[in-house]
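Q: sequence and predicted model, in that order:
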Amino acid sequence: MKTHAIIFGIKSFKLNLNEINFFKEYKPWGIILFSRNINNLEQVRNLTFSIRDIFKDKNFPILIDQEGGKVNRFRKIINLDKYYAKHFGDIYRNNNIFYSEFNKFLKINISILKYCGININTVPVLDLFNPDKKSVIGNRAFSKKYNVVIKLSKYLINFYKNSGLETVTKHIPGHGCTNIDSHYHLPKVNFSLDYLKKNDFKTFKEVNSYLAMTAHILYEKLDPNKCATQSKKIIHGIIRKYIKFRGILMSDDICMKALSGGIVKNAKLSLDAGCNLLLHCSGNIDEMKKLSLVVPEIDNFTYRITQKIKANFNKFN
């Protein structure tokens with residue numbers, strides 16, 4: 001079965017008949033899970049097994065957004081409120097005491113994901129901390145100091161990779177400079193290119209990864225007409241050329257209200273701008289069917305990097 005350039009969410013704790021029939025005919029690049037898909041560990045384990053059974057692929061990508069702190073999809077099972085990124089940025093010291101605490105959290109998260117059959121976590125957040133109380137990223141960011149963000153993010157990525165899991169850096173090229181939530185509105189940033197290069201872009205330029213997720217943000221000084229996810233100027237001129245990101249670029253969720261077009265239009269604009277993969281999180285089967293008619297198979301570039309990702313999974317299977 002051919003792999004298509006999209007990641008889908010699903011509705012509940014197990015695949016329903018409509019989803020099973022759909023996935024038997026159409027293979028997305030991956031499936032992403034949310035709190036609505038998680039009741040207990042055995043249930044999630046069974047769910048991921050059933051997904052892979054359909055695609056006959058033991059390394060099929062199953063993703064989750066499991067940052068810790070307020071972004072905890074396993075909240076029914078474990079409390080990770082104290083393990084938010086800013087906590088680690090605040091206590092960061094280059095010594096054994098700090099790394100003992102950081103490792104403890106990483107091991108907790110990774111052990112849960114591995115047991116449940118989840119092989120990609122959409123971390124780390126590379127956005128800079130914004131002290132504005134209204135900041136949408138808030139304590140999901142490690143620090144306002146880019147050197148701390150870079151140090152902890154590189155460590156986290158390597159820790160996951162050495163455990164047989166993959167990560168997704170986000171929200172490229174930077175979401176920390178706005179207090180508007182792109183789930184509901186389009187954030188607009190008016191900083192100059194020079195300012196952004198010295199601040200928000202810096203972490204993404206220094207941290208390498210196979211996967212990155214875009215920011216649904218309008219950078220008015222860079223492209224006054226299109227948000228980063230749908231801007232050729234930003235994807236090719238900033239993300240690929242200046243930041244030199246060489247991995248698979250996935251959109252943030254194309255269901256978000258920051259994108260004003262319909263779901264099919266959002267998909268086409270994001271792919272045309274240069275996204276390699278789309279993220280569609282709602283689990284709306286009618287939308288998924290519409291998207292299946294327009295979303296192409298993955299290109300050779302995406303295929304090659306996907307094989308590298310799966311090769312690392314294979315080492316630990």
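A: Now that the structure is in, tell me what you want to look at.
Q: please name the nearest non-neighbouring residue to Arg73.
A: Ser35 (4.8 Å; CB to CB, 6 or more residues apart in numbering). Every residue, glycine included, has its C-beta placed from N, CA and C.
Q: which other helices and strands contact the lowest-mean-pLDDT helix or strand in the chain?
A: One helix or strand of the chain scores below all others by mean pLDDT, DSSP states H and E: strand 188-189, with a mean of 89. Packing contacts for strand 188-189, counted by 3 or more CB pairs under 8 Å, 6 or more residues apart in numbering; DSSP states H and E, involve strand 218-219.
Q: what's the spacing between the strand it packs on and its chain's center?
A: Put simply, strand 218-219 sits 20 Å off its chain's centre (CA atoms, centre = their mean, to the nearest Å).
Q: stretch 148-157 too?
A: Here stretch 148-157 is found 16 Å from its chain centre; the criterion is CA atoms, centre = their mean.
Q: which residues touch it?
A: By CB atoms under 8 Å, 6 or more residues apart in numbering, the list of residues contacting stretch 148-157 from outside reads 85, 88-89, 92, 94, 102, 106, 123-124, 126, 128, 141-143, 167, 169, 202-203, 206-209.
Q: remind me which residues of the protein are low pLDDT?
A: For the chain, residues meeting the criterion pLDDT under 70 lie at 133-134, 176, 178-185, 257-258.
Q: quick revisit: just the buried residues of the following helix or strand past the least confident helix or strand of the chain, please?
A: Next helix or strand after strand 188-189 toward the C-terminus (DSSP states H and E): helix 193-198. Under the neighbour-count criterion of 16 or more other CB atoms under 10 Å, helix 193-198 has 196-197 buried.
Q: coming back round to it: just the contacts of stretch 148-157: which are in helices?
A: Residues of these located in helices (DSSP state H): 85, 88-89, 102, 106, 202-203, 206.
Q: of the residues you listed, just say which sits nearest to Lys233.
A: Each of the ones in helices among the contacts of stretch 148-157 was checked against Lys233 using CB to CB; the closest is Lys202, at 19.6 Å.
Q: so the closest one versus Asn37, what's the distance?
A: Distance, Lys202 to Asn37, using CB to CB, to the nearest Å: 35 Å.
Q: what of Ile172?
A: When distance is defined by CB to CB, Ile172 is 26 Å away from Asn37.
Q: so which of those two has more stuff around it?
A: More crowded of Ile172 and Asn37, by other CB atoms under 10 Å: Ile172, with 31 against 21.
Q: that one reaches Leu126, doesn't it?
A: Yes - Ile172 lies in contact with Leu126 (CB atoms under 8 Å); the separation is 7.3 Å.
Q: give the residues shared as contacts by these two.
A: Residues touching both Ile172 and Leu126 (CB under 8 Å, 6+ apart): Phe204.
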